[in-house]
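**Student:** Take this sequence and fold it.
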Amino acid sequence: AAYFAGVGKDQPEPAKWACPNLVNPADFFMRLFVNPKDHENAAQRRIVAQESYASSEKPTEGGAADGAQMAASSSTFDRSFPMQVWILFLREMVLRKRSAVAFQATIGRIIMFGIILGATFPNVEVDNMVVFSLQGVLFFSVFMQFFDMVMAQVNSIPFLMEIYIREFRSGCYRLSAFYVAKNLSDVIYDIFFTFFWCCALYWPIGFGWYQDQNGSTWENFWGFYMSLLVITFIATGAGYTAAFIVPDPQAGFLVALMLLFPFLIVAGMLVNLNSLPGGFQWLAEISYLRFGFAQIMRNQWDHFGPIP
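**Tutor:** Next up is the predicted model:
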């Protein structure tokens, strides 16, 4: 009520009533009106807010909902589209900075798998069994990267969904500006974590050892990285889909599994694609995991030559 009534415009100290930039209005007004360290002044501010709202124009039938729809349909914003993107981008970066535990957990997961897999696959002569084992590692790298990126969105977006909806309905920014800003912030982290994940797999396991004279180790590494990065971008988009369709972490997890496992089965590792029933061939043709896994396999073995 205080937010939509414009409380503080006629107050002697308007600076104290103005919501600072990059601060959520609801949080700001809660601190303004409920302050244990300044109880008397907070109580006085609540009284002023109540009187200001009571003297303002009465809302029409439908009230807040109609006002929200009018704000959402308005094409006038206080900031230009690039500025909206920039402000929302900064907020997304601040939110990620505050999630130190999630960042540390991701780094720890990458280091742990890198050590385990690096110790499991020493440099040995390449034969059919080694190729089969390394194929499993490559498939595991695709699956883990895809699953982690999807779950990162499913476990974060639902908790902020009500804030996003309230801000959009209040006319704070365009929906397209929010989408662009969130993608930009995610792209930065996707690039970094994918590179770290590739380093933890490629060098400890020693994929560069399994190259012939015509193959370049660094060329192979960058091909591996770019292939996995494309899969990461697709996984982030799938995470958006699951999180925004069902804004609940548990239900979003189920939707994420629906987006993942059908395509995982026909990715080329678990099932021979030539043995698929005719009615399921189309699923293999649209499986992003299949195309990503196939590209990584080509990048690894195209230059190797005959395998005994």
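
**Student:** Show me what the helix or strand containing residue 144 is packed up against.
**Tutor:** Element membership of residue 144, judged by DSSP states H and E, is helix 128-154. In terms of contacts (3 or more Cβ pairs under 8 Å, 6 or more residues apart in numbering; DSSP states H and E), helix 128-154 is packed against helix 100-120, helix 175-205, helix 217-245, helix 249-265, helix 288-301. (Each C-beta comes from the backbone N, C-alpha and C, glycine too.)

**Student:** Any chance of a markdown table for these, columns mean neighbour count and distance to residue 145?
**Tutor:** Supplementary listing: the helices and strands packed on helix 128-154 in a markdown table, determined by neighbours: other Cβ atoms under 10 Å; distance: least, Cβ to Cβ, whole Å:
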| stretch | mean neighbour count | distance to residue 145 |
| --- | --- | --- |
| helix 100-120 | 13 | 10 |
| helix 175-205 | 18 | 6 |
| helix 217-245 | 19 | 6 |
| helix 249-265 | 17 | 12 |
| helix 288-301 | 20 | 9 |
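
**Student:** okay, these in TSV with mean pLDDT next?
**Tutor:** Formatted as TSV, the entries for the helices and strands packed on helix 128-154 read as follows, by pLDDT from 0 to 100:
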stretch	mean pLDDT
helix 100-120	79
helix 175-205	87
helix 217-245	86
helix 249-265	81
helix 288-301	83
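
**Student:** Turn the ones you listed into TSV, columns for distance to residue 80.
**Tutor:** Rendered in TSV, the data for the helices and strands packed on helix 128-154 read as follows (distance: least, Cβ to Cβ, whole Å):
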stretch	distance to residue 80
helix 100-120	32
helix 175-205	9
helix 217-245	25
helix 249-265	33
helix 288-301	35
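
**Student:** of these, which approaches residue 29 most closely?
**Tutor:** Closest approach to residue 29 among the helices and strands packed on helix 128-154 (Cβ to Cβ): helix 175-205, 22.1 Å.
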